[in-house]
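> Based on what follows, work out the 3D shape:
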Amino acid sequence: MLGIPRRYSHFVFGVIQSGLTSLIAAGIASFPAPGATVFLAHWMVSWLIAWAAMLPIVLLAAPAIRAFSLRLTREERAR
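Numbers count the residues shown, from 1 in each chain. This next block holds a predicted model:
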């Protein structure tokens, strides 16, 4: 474990979530590549660009999205 303090867990979540999402999206966008080597090269470059663009957006938008999702939902009552 890295031992990052728990108060930074939302940043760690944002880094992991944006990295995974952009990795998958870049792979799908790169799929029509003519060969495996071209595919992998295009995928990695596309992923790094997408991740660099998405990371600040995810980190800045996450609190607003969380607040909005809490407004759209309600607590479940115990029976």
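> what about A53, how many neighbours?
Counted with other CB atoms under 10 Å, the neighbours of A53 add up to 12. Placement of C-beta: from N, CA and C, glycine included.
> ok, it - contacts?
Contact analysis of A53 by CB atoms under 8 Å, 6 or more residues apart in numbering lists S22.
> The helix or strand that A64 is a member of: which residues count as buried?
Element membership of A64, judged by DSSP states H and E, is helix 36-72. Judged by neighbour count (16 or more other CB atoms under 10 Å), helix 36-72 contains these buried residues: H42, W43, S46, W47, A50, W51, M54, L55, V58, L59, A62.
> how much distance is there from that helix to the middle of the chain?
From the chain centre to the centre of helix 36-72 is a distance of 4 Å (CA atoms, centre = their mean, to the nearest Å).
> pLDDT of it, averaged?
On average, the pLDDT along helix 36-72 is 89.
> returning to that earlier point: out of the buried residues of helix 36-72, which one sits closest to R71?
Using CB to CB, A62 comes nearest to R71 of those, at 15.1 Å.
> who touches the closest one in this structure?
Contacts for A62 (CB under 8 Å, 6+ apart) come out as H10, F13, G14.
> Pretty sure W43 sits against I28.
No - using CB atoms under 8 Å, W43 makes no contact with I28, being 9.4 Å away.
> related to what we said a few turns ago, pipe the contacts of A62 into TSV and attach distance to R74 per row.
Listed next are the contacts of A62 as TSV, based on distance: CB to CB, whole Å:
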residue	distance to R74
H10	23
F13	24
G14	26
